[in-house]
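Asker: Prediction below, plus the sequence it came from.
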Amino acid sequence: MAELKRNDSLEVARRFSVAPMMDWTTRDYRAFARTLTRHALLYTEMVTTGAILHGTPRERFLGHDAVEHPLALQLGGSDAGELAECAAIAEEWGYDEVNLNVGCPSDRVQNNLIGACLMAHPQTVAAAVRAMRDAVSIPVTVKCRIGIDDQDEDADLTRFIQQVADAGCETFIVHARKAWLQGLSPKENRDVPPLNYPRVQRLKAQHPQLHIGINGGIRTLAECREHLESVDSVMVGREAYRNPWLLAGIDEALYGRPGPATSRHGAARALRPYIARRLEEGARLNHITRHLLGLFQGCPGGRRFRRHLSENAHRDGAGVGVFDDALGLVPEPHETAAPSPARAGHSVSGVPS
């Protein structure tokens, strides 16, 4: 019964998620995101099976804070046995979901049969999903594209989804553009192939029993609401990172519950105990504060905030005082209209206050 409740709660959280992004959705970014939203599902960066099975210390790849939940680990790999072993390790480490990357277009992962190239190997993905599901009790999900290269966006995507669903996958998050593995760089693959939202919408209509989420180019709460009229969930990537204040409106707008942030300054201050603790653990200040550079985007003093952190947070011995000084460069309104009427004082010192 407890497991049912846990998975039901995760299904609610999945209504909005922050996409896994290499070098961006680190544990420090995720702790920061929790000063803005309690309910959205957060994802790790993609972690390869090789890193988990052979890298040391394992904390480097799997470490996270209790406040980050609900939290999913995204795995990169194609060997069913290795993926099953890593899924079991992820469950032991307390992750709420394991997600298989079938969308990354980089050359490096293609050479190891990881990422979007797996769209051409639905049987391999199906075998991996089946093995992972047999190894864990937490959900196993897939993030994929609508196709690669010259694949047919209708027939080939339908075939892929059906084979993987037959293996037991019930949740697909679909990046609504093709990946061109021949001729386009990973960066170009984020923008050049055209978005095809109607294809993802049709996929949901064709498979009402599956959870179909949509990803790609979504930038506003209004767009999120519009997509949720035809699919089960939305996933936002770059906009959630570059303009993190977007997350402060998510809890009320999409979950009908108050969020933790009443102001940008309040969100920054709520992260301060976490920053102090991470510095005591040996983390460098700039590795944490780089994720906050977009917090005051468009605000008076926002440029000074970014500049002070960029010029000082990387210095040896930089402490929380550097962060305090940067925050002091941004005038604080006497009363800030928040995107959600949340309570103040949410702390990320380990667990919500």
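Answerer: Structure's in. What do you need? Numbers count the residues shown, from 1 in each chain.

Asker: Show me the helices in the stretch 201-350 of the chain, by range?
Answerer: 221-227, 238-242, 250-255, 264-280, 285-289, 302-312, 320-328 (DSSP state H, counting those that start in this stretch).

Asker: now the ones you listed in a markdown table, with mean neighbour count, mean pLDDT and distance to residue 191?
Answerer: C-beta coordinates here come from the backbone N, C-alpha and C atoms, glycine included. A markdown table is the format used below for those (neighbours: other Cβ atoms under 10 Å; pLDDT from 0 to 100; distance: least, Cβ to Cβ, whole Å):
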| stretch | mean neighbour count | mean pLDDT | distance to residue 191 |
| --- | --- | --- | --- |
| helix 221-227 | 16 | 98 | 17 |
| helix 238-242 | 19 | 97 | 10 |
| helix 250-255 | 20 | 97 | 24 |
| helix 264-280 | 20 | 97 | 28 |
| helix 285-289 | 21 | 98 | 27 |
| helix 302-312 | 17 | 98 | 24 |
| helix 320-328 | 18 | 98 | 31 |
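
Asker: mind checking which of the ones you listed is nearest residue 200?
Answerer: Closest approach to residue 200 among the helices of the stretch 201-350 of the chain is made by helix 221-227 (8.6 Å; Cβ to Cβ).

Asker: Output the contacting helices and strands for that closest one.
Answerer: Applying 3 or more Cβ pairs under 8 Å, 6 or more residues apart in numbering; DSSP states H and E, one finds that helix 221-227 contacts strand 233-236, helix 250-255.

Asker: Next, the buried residues of the shortest one.
Answerer: By neighbour count, and taking 16 or more other Cβ atoms under 10 Å as the criterion, the buried residues in strand 233-236 are 233-236.

Asker: can you check stretch 151-168 too?
Answerer: Across stretch 151-168, burial judged by 16+ other Cβ under 10 Å covers 151, 153, 156-157, 160-161, 163-165, 167.

Asker: contacts for it?
Answerer: By Cβ atoms under 8 Å, 6 or more residues apart in numbering, the list of residues contacting stretch 151-168 from outside reads 119-120, 122-123, 125-127, 129-130, 133, 140, 142, 144, 146-147, 172, 178, 196, 199, 203, 206-207, 210.

Asker: List buried residues within the residues you listed.
Answerer: Neighbour-count burial (16+ other Cβ under 10 Å) applied to the contacts of stretch 151-168 gives 119-120, 122, 125-127, 129-130, 133, 140, 142, 144, 146-147, 172, 178, 196, 199, 203, 207, 210.

Asker: Of those, which belong to strands?
Answerer: Mapping the buried ones among the contacts of stretch 151-168 onto strands (DSSP state E) picks out 140, 142, 144, 172.

Asker: ok so, going back, need the max-distance pair from the buried residues of stretch 151-168.
Answerer: Taking Cβ to Cβ, the two most distant members of those are 153 and 167; they sit 21.8 Å apart.

Asker: where are the low-confidence patches of the stretch 151-300 of the chain?
Answerer: For the stretch 151-300 of the chain, applying pLDDT under 70 flags no range at all.

Asker: do that again at 80, thanks
Answerer: 183-192 (pLDDT under 80).

Asker: For residue 29, pull up the helix or strand it's in.
Answerer: Taking DSSP states H and E as the criterion, residue 29 maps to helix 27-33.

Asker: can you check residue 12 too?
Answerer: Counting by DSSP H and E, residue 12 is part of helix 2-13.

Asker: State the mean pLDDT of that helix.
Answerer: Taken as a whole, helix 2-13 has an average pLDDT of 65.

Asker: From one end of stretch 309-319 to the other, what's the distance?
Answerer: With Cα to Cα, to the nearest Å applied, stretch 309-319 spans 11 Å between its terminal residues.

Asker: Stretch 208-219 too?
Answerer: End-to-end span of stretch 208-219 (Cα to Cα): 26 Å.

Asker: what do you get for stretch 146-157?
Answerer: Taking Cα to Cα, stretch 146-157 runs 6 Å from one end to the other.

Asker: Next, count neighbours for the closest residue in space to residue 182 that isn't next to it in sequence.
Answerer: The shortest distance from residue 182 to any non-neighbouring residue, by Cβ to Cβ, 6 or more residues apart in numbering, is to residue 149 (5.9 Å). When neighbours are counted by other Cβ atoms under 10 Å, residue 149 registers 15.

Asker: measure residue 11 to residue 299 for me?
Answerer: According to Cβ to Cβ, to the nearest Å, residue 11 and residue 299 sit 36 Å apart.

Asker: list the contacts for residue 127?
Answerer: With Cβ under 8 Å, 6+ apart, residue 127 has these contacts: 80, 167.

Asker: gap between it and residue 48?
Answerer: For residue 127 relative to residue 48 (Cβ to Cβ), the value is 18 Å.

Asker: now residue 10
Answerer: 24 Å.

Asker: wait, which of the helices of the stretch 201-350 of the chain is closest to residue 56?
Answerer: Residue 56 lies closest to helix 285-289 among the helices of the stretch 201-350 of the chain, at 19.6 Å (Cβ to Cβ).

Asker: I'd like to know which elements that closest one is packed against.
Answerer: Short answer (3+ Cβ pairs under 8 Å, 6+ apart): helix 285-289 packs on helix 27-33, helix 264-280, helix 320-328.

Asker: Using PDB, write down the CA coordinates of it.
Answerer: Taking Å, rounded to 0.1, in the frame of the first residue of the first chain, the C-alpha atoms of helix 285-289 are listed here in PDB:
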ATOM      1  CA  LEU A 285      31.200  28.400  -4.200                       C
ATOM      2  CA  ASN A 286      31.100  29.000  -8.000                       C
ATOM      3  CA  HIS A 287      29.900  25.400  -8.600                       C
ATOM      4  CA  ILE A 288      26.800  26.300  -6.600                       C
ATOM      5  CA  THR A 289      26.200  29.900  -7.400                       C
END
